[in-house]
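Q: Build me a model from this:
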Amino acid sequence: MDSIDRYLDKVEHLPPAPTVAVQLLELFGDPDRDIDRIVELIKHDPSLTAETLKRCNCGFVEPAADMFEAVNRLGLYEIYSIVVGLLASRTMKQVRAKYSYDANRLWRHTVVTALISSILAKRVQVVEADAFTAGLLHDIGKLVLVSMEGVVYADLVRNAGFFGPKLVAEEASVFGFTHATLGARLLTRWGLPAGVCRAVELHHQSPAETTEHSRLAAVVNFANCLAHQIIDGSAQAPDAAEACPQSMALVELNDKDIPAFVQQINQALPRVEGLLHMHE
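A: This is a model prediction of the structure:
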(Lines give C-alpha, C1' and ligand atoms only; values in the text may rest on other atoms or scores of the structure.)
Protein backbone atom coordinates (compact mmCIF):
# COMPACT_ATOMS: atom_id res chain seq x y z
CA MET A 1 0.00 0.00 0.00
CA ASP A 2 1.50 3.37 -1.02
CA SER A 3 0.97 6.87 0.37
CA ILE A 4 -2.06 7.58 -1.84
CA ASP A 5 -3.88 4.46 -0.68
CA ARG A 6 -3.08 5.26 2.95
CA TYR A 7 -4.39 8.79 2.40
CA LEU A 8 -7.65 7.54 0.87
CA ASP A 9 -8.16 5.15 3.77
CA LYS A 10 -8.53 8.19 6.02
CA VAL A 11 -11.23 9.90 3.91
CA GLU A 12 -14.58 10.10 5.71
CA HIS A 13 -16.70 12.48 3.66
CA LEU A 14 -17.12 10.79 0.29
CA PRO A 15 -19.96 8.56 -0.91
CA PRO A 16 -19.45 4.80 -1.22
CA ALA A 17 -18.42 3.18 -4.48
CA PRO A 18 -20.99 4.02 -7.20
CA THR A 19 -22.13 0.48 -7.95
CA VAL A 20 -25.07 1.59 -10.11
CA ALA A 21 -22.88 3.88 -12.25
CA VAL A 22 -20.27 1.16 -12.79
CA GLN A 23 -22.90 -1.44 -13.75
CA LEU A 24 -24.68 0.99 -16.08
CA LEU A 25 -21.40 1.86 -17.77
CA GLU A 26 -20.84 -1.85 -18.43
CA LEU A 27 -24.38 -2.22 -19.81
CA PHE A 28 -24.03 0.79 -22.10
CA GLY A 29 -20.93 -0.78 -23.62
CA ASP A 30 -22.90 -3.91 -24.48
CA PRO A 31 -24.64 -3.74 -27.88
CA ASP A 32 -27.18 -6.29 -26.58
CA ARG A 33 -27.92 -4.31 -23.42
CA ASP A 34 -31.11 -5.14 -21.54
CA ILE A 35 -33.42 -2.15 -20.91
CA ASP A 36 -35.21 -4.08 -18.15
CA ARG A 37 -31.90 -4.48 -16.31
CA ILE A 38 -31.20 -0.74 -16.63
CA VAL A 39 -34.64 0.07 -15.21
CA GLU A 40 -34.07 -2.37 -12.36
CA LEU A 41 -30.74 -0.71 -11.45
CA ILE A 42 -32.27 2.77 -11.44
CA LYS A 43 -35.16 1.68 -9.20
CA HIS A 44 -32.68 0.59 -6.52
CA ASP A 45 -31.80 4.26 -5.87
CA PRO A 46 -34.76 6.47 -4.80
CA SER A 47 -32.99 9.77 -5.58
CA LEU A 48 -32.01 8.48 -9.01
CA THR A 49 -35.58 7.39 -9.66
CA ALA A 50 -36.90 10.80 -8.61
CA GLU A 51 -34.39 12.71 -10.76
CA THR A 52 -35.11 10.49 -13.78
CA LEU A 53 -38.87 11.04 -13.52
CA LYS A 54 -38.42 14.76 -12.91
CA ARG A 55 -36.20 15.14 -15.98
CA CYS A 56 -38.47 12.93 -18.05
CA ASN A 57 -41.74 14.69 -17.24
CA CYS A 58 -40.38 18.19 -17.84
CA GLY A 59 -41.83 19.37 -21.15
CA PHE A 60 -44.25 16.47 -21.60
CA VAL A 61 -48.02 16.87 -21.29
CA GLU A 62 -48.49 13.34 -20.01
CA PRO A 63 -46.19 12.07 -17.23
CA ALA A 64 -44.37 8.80 -17.80
CA ALA A 65 -46.47 5.85 -16.74
CA ASP A 66 -43.51 4.00 -15.25
CA MET A 67 -39.71 3.90 -15.15
CA PHE A 68 -39.51 1.81 -18.33
CA GLU A 69 -41.31 4.55 -20.26
CA ALA A 70 -39.13 7.21 -18.62
CA VAL A 71 -35.93 5.46 -19.72
CA ASN A 72 -37.20 5.10 -23.27
CA ARG A 73 -38.27 8.74 -23.42
CA LEU A 74 -34.96 10.12 -22.21
CA GLY A 75 -32.60 7.70 -23.90
CA LEU A 76 -29.74 5.76 -22.39
CA TYR A 77 -27.12 8.49 -22.60
CA GLU A 78 -29.33 10.99 -20.78
CA ILE A 79 -30.01 8.38 -18.10
CA TYR A 80 -26.32 7.77 -17.66
CA SER A 81 -25.59 11.51 -17.37
CA ILE A 82 -28.13 11.68 -14.54
CA VAL A 83 -26.47 8.76 -12.73
CA VAL A 84 -22.95 10.16 -12.95
CA GLY A 85 -24.20 13.68 -12.24
CA LEU A 86 -25.86 12.54 -9.02
CA LEU A 87 -22.68 10.76 -7.96
CA ALA A 88 -20.58 13.88 -8.53
CA SER A 89 -23.11 16.26 -6.98
CA ARG A 90 -23.49 14.10 -3.85
CA THR A 91 -19.73 14.14 -3.42
CA MET A 92 -19.61 17.92 -3.79
CA LYS A 93 -22.52 18.49 -1.39
CA GLN A 94 -20.84 16.45 1.33
CA VAL A 95 -17.66 18.48 1.00
CA ARG A 96 -19.42 21.85 0.67
CA ALA A 97 -21.49 21.17 3.81
CA LYS A 98 -18.34 21.03 5.93
CA TYR A 99 -15.83 23.33 4.25
CA SER A 100 -15.84 26.67 2.46
CA TYR A 101 -14.87 26.14 -1.16
CA ASP A 102 -15.90 27.62 -4.49
CA ALA A 103 -18.18 24.68 -5.25
CA ASN A 104 -20.31 26.47 -7.84
CA ARG A 105 -17.31 27.37 -9.96
CA LEU A 106 -15.84 23.87 -9.72
CA TRP A 107 -19.17 22.25 -10.56
CA ARG A 108 -19.72 24.42 -13.63
CA HIS A 109 -16.21 23.65 -14.81
CA THR A 110 -16.67 19.89 -14.41
CA VAL A 111 -20.03 19.87 -16.22
CA VAL A 112 -18.67 21.89 -19.15
CA THR A 113 -15.59 19.64 -19.28
CA ALA A 114 -17.89 16.61 -19.42
CA LEU A 115 -19.92 18.18 -22.23
CA ILE A 116 -16.81 19.02 -24.27
CA SER A 117 -15.41 15.52 -23.64
CA SER A 118 -18.60 13.90 -24.91
CA ILE A 119 -18.58 16.03 -28.08
CA LEU A 120 -14.92 15.24 -28.74
CA ALA A 121 -15.57 11.53 -28.11
CA LYS A 122 -17.91 11.38 -31.08
CA ARG A 123 -15.27 13.08 -33.20
CA VAL A 124 -12.52 10.52 -32.52
CA GLN A 125 -14.54 7.33 -31.91
CA VAL A 126 -14.09 7.20 -28.13
CA VAL A 127 -16.93 5.72 -26.05
CA GLU A 128 -19.09 8.74 -25.22
CA ALA A 129 -20.14 7.52 -21.78
CA ASP A 130 -16.49 6.96 -20.81
CA ALA A 131 -15.55 10.47 -21.95
CA PHE A 132 -18.48 12.06 -20.15
CA THR A 133 -17.67 10.17 -16.95
CA ALA A 134 -13.99 11.09 -17.00
CA GLY A 135 -14.85 14.72 -17.75
CA LEU A 136 -17.37 14.99 -14.93
CA LEU A 137 -15.14 13.26 -12.37
CA HIS A 138 -11.72 14.57 -13.46
CA ASP A 139 -11.41 16.96 -10.50
CA ILE A 140 -12.79 14.63 -7.82
CA GLY A 141 -9.31 14.56 -6.30
CA LYS A 142 -9.77 18.24 -5.41
CA LEU A 143 -12.84 17.31 -3.39
CA VAL A 144 -10.85 14.67 -1.53
CA LEU A 145 -8.19 17.24 -0.69
CA VAL A 146 -10.78 19.79 0.42
CA SER A 147 -12.43 17.12 2.58
CA MET A 148 -9.15 16.09 4.21
CA GLU A 149 -7.24 19.35 4.32
CA GLY A 150 -9.97 21.99 4.64
CA VAL A 151 -8.49 25.45 5.11
CA VAL A 152 -4.98 24.27 4.18
CA TYR A 153 -6.08 23.29 0.69
CA ALA A 154 -8.32 26.34 0.30
CA ASP A 155 -5.30 28.55 1.08
CA LEU A 156 -3.14 26.57 -1.34
CA VAL A 157 -5.71 27.17 -4.12
CA ARG A 158 -5.90 30.88 -3.32
CA ASN A 159 -2.13 31.19 -3.51
CA ALA A 160 -1.47 28.92 -6.50
CA GLY A 161 -4.63 29.55 -8.49
CA PHE A 162 -7.77 27.54 -9.15
CA PHE A 163 -6.16 25.51 -11.93
CA GLY A 164 -3.00 25.09 -13.96
CA PRO A 165 0.60 23.88 -13.58
CA LYS A 166 1.33 26.01 -10.51
CA LEU A 167 -1.51 24.38 -8.56
CA VAL A 168 -0.41 20.88 -9.56
CA ALA A 169 3.20 21.64 -8.59
CA GLU A 170 2.12 23.02 -5.20
CA GLU A 171 -0.01 19.94 -4.51
CA ALA A 172 2.89 17.64 -5.30
CA SER A 173 5.19 19.67 -3.08
CA VAL A 174 2.85 19.86 -0.09
CA PHE A 175 1.11 16.46 -0.21
CA GLY A 176 3.43 14.28 -2.28
CA PHE A 177 0.80 13.74 -4.99
CA THR A 178 -1.65 15.78 -7.09
CA HIS A 179 -5.43 15.92 -7.20
CA ALA A 180 -5.20 14.14 -10.58
CA THR A 181 -3.34 11.07 -9.26
CA LEU A 182 -5.45 11.04 -6.11
CA GLY A 183 -8.71 11.18 -8.06
CA ALA A 184 -7.59 8.46 -10.45
CA ARG A 185 -6.75 6.15 -7.55
CA LEU A 186 -10.17 6.75 -5.96
CA LEU A 187 -11.94 5.92 -9.24
CA THR A 188 -9.82 2.78 -9.57
CA ARG A 189 -10.98 1.74 -6.11
CA TRP A 190 -14.54 2.40 -7.16
CA GLY A 191 -14.13 0.04 -10.10
CA LEU A 192 -14.50 2.50 -12.96
CA PRO A 193 -12.95 1.47 -16.30
CA ALA A 194 -9.18 1.70 -16.63
CA GLY A 195 -9.44 4.22 -19.47
CA VAL A 196 -11.56 6.58 -17.37
CA CYS A 197 -9.10 6.36 -14.47
CA ARG A 198 -6.14 6.96 -16.78
CA ALA A 199 -7.82 9.99 -18.36
CA VAL A 200 -8.43 11.50 -14.92
CA GLU A 201 -4.80 10.85 -13.97
CA LEU A 202 -3.54 12.62 -17.11
CA HIS A 203 -6.02 15.49 -17.34
CA HIS A 204 -3.26 18.05 -16.70
CA GLN A 205 -0.90 16.68 -19.33
CA SER A 206 -0.93 15.50 -22.90
CA PRO A 207 -0.43 11.74 -23.30
CA ALA A 208 3.32 11.18 -23.64
CA GLU A 209 2.92 8.09 -25.79
CA THR A 210 0.34 6.27 -27.84
CA THR A 211 -1.41 3.71 -25.65
CA GLU A 212 -4.77 1.99 -25.51
CA HIS A 213 -6.24 4.93 -23.61
CA SER A 214 -4.37 7.82 -25.28
CA ARG A 215 -7.31 9.24 -27.20
CA LEU A 216 -9.59 9.28 -24.15
CA ALA A 217 -6.83 10.91 -22.09
CA ALA A 218 -6.29 13.49 -24.84
CA VAL A 219 -10.03 14.19 -24.99
CA VAL A 220 -10.22 15.01 -21.27
CA ASN A 221 -6.92 16.92 -21.21
CA PHE A 222 -8.03 19.20 -24.04
CA ALA A 223 -11.61 19.47 -22.70
CA ASN A 224 -10.30 20.53 -19.30
CA CYS A 225 -8.15 23.29 -20.82
CA LEU A 226 -10.89 24.51 -23.15
CA ALA A 227 -13.52 24.52 -20.38
CA HIS A 228 -11.31 26.81 -18.28
CA GLN A 229 -10.82 29.08 -21.29
CA ILE A 230 -14.58 29.24 -21.97
CA ILE A 231 -15.63 29.76 -18.34
CA ASP A 232 -12.78 31.90 -16.99
CA GLY A 233 -11.95 33.81 -20.15
CA SER A 234 -8.76 33.93 -22.16
CA ALA A 235 -7.25 36.57 -19.85
CA GLN A 236 -7.27 34.17 -16.86
CA ALA A 237 -7.00 30.73 -18.43
CA PRO A 238 -4.18 29.38 -20.60
CA ASP A 239 -4.94 29.08 -24.29
CA ALA A 240 -6.07 25.50 -24.84
CA ALA A 241 -4.26 25.14 -28.15
CA GLU A 242 -0.98 26.33 -26.64
CA ALA A 243 -1.40 24.40 -23.37
CA CYS A 244 -2.00 20.98 -24.90
CA PRO A 245 -0.99 20.83 -28.59
CA GLN A 246 -0.35 17.08 -28.52
CA SER A 247 -3.83 16.38 -27.18
CA MET A 248 -5.34 18.74 -29.72
CA ALA A 249 -3.65 16.77 -32.49
CA LEU A 250 -4.96 13.48 -31.06
CA VAL A 251 -8.53 14.83 -31.05
CA GLU A 252 -8.01 15.95 -34.65
CA LEU A 253 -8.38 19.70 -34.15
CA ASN A 254 -6.21 22.60 -35.28
CA ASP A 255 -6.16 26.32 -34.47
CA LYS A 256 -8.56 27.17 -37.27
CA ASP A 257 -11.14 24.67 -35.94
CA ILE A 258 -11.37 26.17 -32.45
CA PRO A 259 -13.84 29.09 -33.03
CA ALA A 260 -16.38 26.81 -34.73
CA PHE A 261 -15.85 24.14 -32.08
CA VAL A 262 -16.45 26.63 -29.24
CA GLN A 263 -19.64 27.73 -31.01
CA GLN A 264 -20.72 24.07 -31.13
CA ILE A 265 -20.11 23.77 -27.38
CA ASN A 266 -22.11 26.92 -26.60
CA GLN A 267 -25.00 25.63 -28.68
CA ALA A 268 -24.88 22.32 -26.77
CA LEU A 269 -24.90 23.89 -23.28
CA PRO A 270 -28.70 23.59 -22.89
CA ARG A 271 -28.19 19.79 -22.93
CA VAL A 272 -26.49 20.00 -19.52
CA GLU A 273 -28.69 22.69 -17.97
CA GLY A 274 -30.20 20.11 -15.61
CA LEU A 275 -26.78 18.99 -14.50
CA LEU A 276 -25.62 22.55 -13.89
CA HIS A 277 -28.37 22.98 -11.29
CA MET A 278 -28.20 19.49 -9.82
CA HIS A 279 -25.93 20.25 -6.87
CA GLU A 280 -27.81 23.37 -5.67
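Q: check contacts around L74.
A: 52, 55-56, 82 (CB atoms under 8 Å, 6 or more residues apart in numbering). C-beta: built from backbone N, CA, C; applies to glycine.
Q: how close does it sit to G233?
A: 34 Å (CB to CB, to the nearest Å).
Q: cool, H13 as well?
A: Using CB to CB, which is the criterion applied here, H13 is 32 Å from G233.
Q: So which of those two has more stuff around it?
A: More neighbours surround H13 than the other of H13 and G233, with 15 against 9 (other CB atoms under 10 Å).
Q: so which strand or helix has the more buried one?
A: If you go by DSSP states H and E, H13 is not part of any helix or strand.
Q: Which pLDDT value goes with it?
A: Looking at H13, its pLDDT reads 70.
Q: do S117 as well
A: 96.
Q: Is it in contact with A134, as I believe?
A: Yes. Using CB atoms under 8 Å, S117 is in contact with A134, at 6.4 Å.
Q: which residues are common contacts for the two?
A: Common neighbours of S117 and A134 (CB under 8 Å, 6+ apart) are 219-220.
Q: out of those two, which sits in the busier spot?
A: Neighbour totals were compared for S117 and A134, and A134 leads with 36 against 31 (other CB under 10 Å).
Q: what residues are up against the more buried one?
A: Here A134 is in contact with 117, 195-196, 199-200, 203, 216, 219-220 (CB under 8 Å, 6+ apart).
Q: Nearest to M148 among those residues?
A: Nearest to M148 among those: V200, at 17.9 Å, using CB to CB.
Q: Which residue is the nearest non-sequential neighbour of that closest one?
A: Nearest residue to V200, sequence neighbours excluded (CB to CB, 6 or more residues apart in numbering): A184, at 4.5 Å.
Q: Please identify which helix or strand holds that neighbour.
A: With DSSP H and E as criterion, A184 is part of helix 179-190.
Q: got the angle for the helix or strand that that helix is followed by vs helix 179-190?
A: Next in sequence after helix 179-190, counting helices and strands by DSSP H and E, comes helix 194-201. Here the directions of helix 194-201 and helix 179-190 differ by 160 degrees (axes from the mean of the first three to the mean of the last three CA atoms, to 10 degrees).
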